[in-house]
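*Asks:* Would you be able to build a 3D model of this:
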Amino acid sequence: MKNFLVALVFFLTIFSAFSAEVLRNSAGKPVRYAGRFNGDKVVLQDYRPRAGEFRGVWVAVVENIDFPAHKTAYSFQQSFCRMLNNIKAAGFTAVIFQIRSNCDAFYPTRLAPWSRWLSGKEGSHIGKNFDPLMFMINETHRRGLEFHAWFNPYRVTNNTTLSPKAYLASLAPSNIARQKPHWVLCKRNKAGNQLFLDPGNPQVIDHLAAVVADVVRRYPVDAVHFDDYFYPYEKMGNEDAASFRLYNPRRLSLDNWRRSNTDSLIFRIRQTISRINLTQKRRVRFGVSPFGIWANKKDHPLGSLTGGKQTYSDLYADTRLWVKNNYVDYIAPQIYWNFGHNVAAYAALTDWWCRCVQGTNVKLYIGMAAYNGKVWNPNELRDQMRYNRMRKDISGAAFFSYRSFFGKESNPGASALLRYIRSSGRY
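*Replies:* As a prediction, this is how the structure comes out:
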């Protein structure tokens with residue numbers, strides 16, 4: 001009898017852990033697998049996380065989104081350690097910290113000024129002999145977490161009402177955008193002027209490779225991380241016409257030339273990190289977190305069952321190529337939509353990325369929108385994590401961003417996700 005009861009408990013445990021359920025919306029109807037493109041049902045099962053599951057959290061410094069400016073090294077240290085303690089206790093495994101957001105730096109370097117988001121004023125440090133980046137890496141590693149150094153390669157500023165000339169004049173003298181104004185393009189939109197380094201200028205790629213090499217050589221980072229900002233989200237006009245004439249020896253079409261520019265950047269960074277790894281006997285990884293849709297199937301036969309903006313044709317970032325050619329060690333597509341989204345449904349898009357990484361050496365981490373936990377069904381983020389764990393090709397997730405989990409900005413959906421991570425076991 002005792003053996004029977006043990007076997008029964010074991011069976012019920014296994015059954016409850018792997019029993020399937022159809023995902024339903026607030027009206028009780030099954031959620032469509034790909035919104036308006038496919039009406040199949042979405043099925044969820046519960047799985048424990050695999051050993052080595054990646055759980056990263058983005059810490060954005062631009063506009064001081066997740067981390068405040070500081071006047072002293074001591075206050076910086078106290079604030080960062082509190083943040084790390086929260087991250088560790090919540091079950092995350094990695095910090096993705098933004099060390100370059102606007103051609104600036106959270107570390108001492110001749111290639112860029114101190115970030116305004118560090119001290120409140122570009123070019124000003126918070127301690128003559130204090131190196132914030134080395135402190136952050138050491139404290140992160142001391143807690144058994146990974147430190148991914150997050151760079152925004154091109155951005156000078158999101159939007160400004162100043163003229164390009166006036167804005168560049170306001171920057172610190174060591175900002176490359178001020179030193180090389182001919183490297184800077186301006187995209188005008190309703191909010192003002194968006195300034196960014198010219199992706200088509202080979203000297204810009206040389207500079208960005210030097211920026212990354214400077215960090216990788218001097219600091220024990222675990223990974224270099226790029227975000228989704230390549231060409232602007234708003235459609236380009238003729239802002240780069242001069243570069244197109246000067247730097248197009250293969251006479252590519254404009255769209256193909258722009259894609260080749262971002263391809264060249266990613267490949268160059270891959271080469272830069274690989275050479276340093278070889279000479280220093282290290283294993284620094286390179287990852288990119290692009291906008292979630294590579295291409296829509298209606299526009300490209302290899303695309304996903306989606307209908308939104310496309311990195312391939314709108315942002316000129318051929319993220320699928322980078323995966324297939326192993327230019328990156330991991331890809332973290334920002335799938336910032338819910339299961340019930342009509343044109344970018346979470347399940348269909350996640351499965352497309354699973355197929356994308358198959359046959360490559362690239363790890364797939366899903367970028368998830370923790371901030372949407374304040375407007376979505378409170379169980380949405382939890383269910384997305386459950387779906388991820390059903391897919392063998394998914395090695396983890398990254399969450400945007402820190403403030404969605406802790407303090408005044410925390411929300412019900414993000415809290416439910418943390419409870420699920422704690423209750424399901426952590427490796």
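*Asks:* can you point me to the longest helix in this protein?
*Replies:* helix 254-280 (DSSP state H).
*Asks:* partners of the very next helix or strand once past that one in the sheet?
*Replies:* Remark: after helix 254-280, the chain's next helix or strand is strand 285-288, criterion DSSP states H and E. Paired neighbours of strand 285-288 in the sheet (DSSP bridges): strand 223-226 (parallel), strand 330-331 (parallel).
*Asks:* who's in contact with the closest residue to Thr161 other than its chain neighbours?
*Replies:* Of all residues not flanking Thr161 in the chain, Gly192 sits nearest, at 4.6 Å (CB to CB, 6 or more residues apart in numbering). Quick note: C-beta positions are derived from backbone N, CA and C, even for glycine. Residues in contact with Gly192 (CB atoms under 8 Å, 6 or more residues apart in numbering) are 159-162.
*Asks:* Looking at those, state which has the most neighbours.
*Replies:* Among these, Thr160 has the most neighbours (other CB atoms under 10 Å), with 18 neighbours.
*Asks:* For that residue, list the residues it contacts.
*Replies:* 167, 192-193, 195.
*Asks:* Trp117 too?
*Replies:* Trp117 neighbours (CB under 8 Å, 6+ apart): 61-64, 67, 69, 101, 104, 106.
*Asks:* Now restrict the residues you listed to buried residues only.
*Replies:* 61-62, 67, 69, 101, 104, 106 (16 or more other CB atoms under 10 Å).
*Asks:* just those residues now: which is nearest Glu409?
*Replies:* Nearest to Glu409 among the buried ones among the contacts of Trp117: Phe67, at 12.4 Å, using CB to CB.
*Asks:* And the helices in this structure?
*Replies:* Assigned by DSSP H, the chain shows helices spanning 2-18, 73-90, 116-119, 132-142, 164-169, 176-179, 202-218, 241-246, 254-280, 319-324, 346-357, 380-390, 412-424.
*Asks:* Pull the distance from the third one to the chain's centre.
*Replies:* When you say that, I think you mean helix 116-119. Put simply, helix 116-119 sits 21 Å off its chain's centre (CA atoms, centre = their mean, to the nearest Å).
*Asks:* mean confidence score for that helix?
*Replies:* Mean per-residue pLDDT for helix 116-119: 98.
*Asks:* any low-confidence regions in the stretch 251-400 of the chain?
*Replies:* Across the stretch 251-400 of the chain, nothing is flagged by pLDDT under 70.
*Asks:* I'd like the contacts of Trp117 laid out as CSV, including distance to Glu239.
*Replies:* Formatted as CSV, the contacts of Trp117 follow (distance: CB to CB, whole Å):
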residue, distance to Glu239
Val61, 27
Val62, 22
Glu63, 24
Asn64, 29
Phe67, 32
Ala69, 32
Ser101, 21
Asp104, 23
Phe106, 29
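*Asks:* Which ones among those lie within strands?
*Replies:* Within the contacts of Trp117, no residue falls in strands by DSSP state E.
*Asks:* which residues sit in contact with the most centrally placed residue in the chain?
*Replies:* The centre of the chain sits closest to Ser289, judged by CA atoms, centre = their mean, with a distance of 3.6 Å. Ser289 is in contact with 225-228, 331-334, 367, 398, counting by CB under 8 Å, 6+ apart.
*Asks:* Residues contacting stretch 77-92, please?
*Replies:* Residues outside stretch 77-92 that contact it (CB under 8 Å, 6+ apart) are 55-57, 59, 67-68, 70, 95, 135-136, 139-140, 143-145, 399, 402, 405-406, 418, 421-422, 426.
*Asks:* Restricted to buried residues, select those residues in PyMOL.
*Replies:* Buried residues among the contacts of stretch 77-92 (16+ other CB under 10 Å), as a PyMOL selection:
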select buried, resi 55+56+57+59+67+70+95+135+136+139+140+145+399+402+405+406+418+421
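*Asks:* Contacts for stretch 246-255, please.
*Replies:* Residues outside stretch 246-255 that contact it (CB under 8 Å, 6+ apart) are 200-202, 244, 257, 260, 313, 316.
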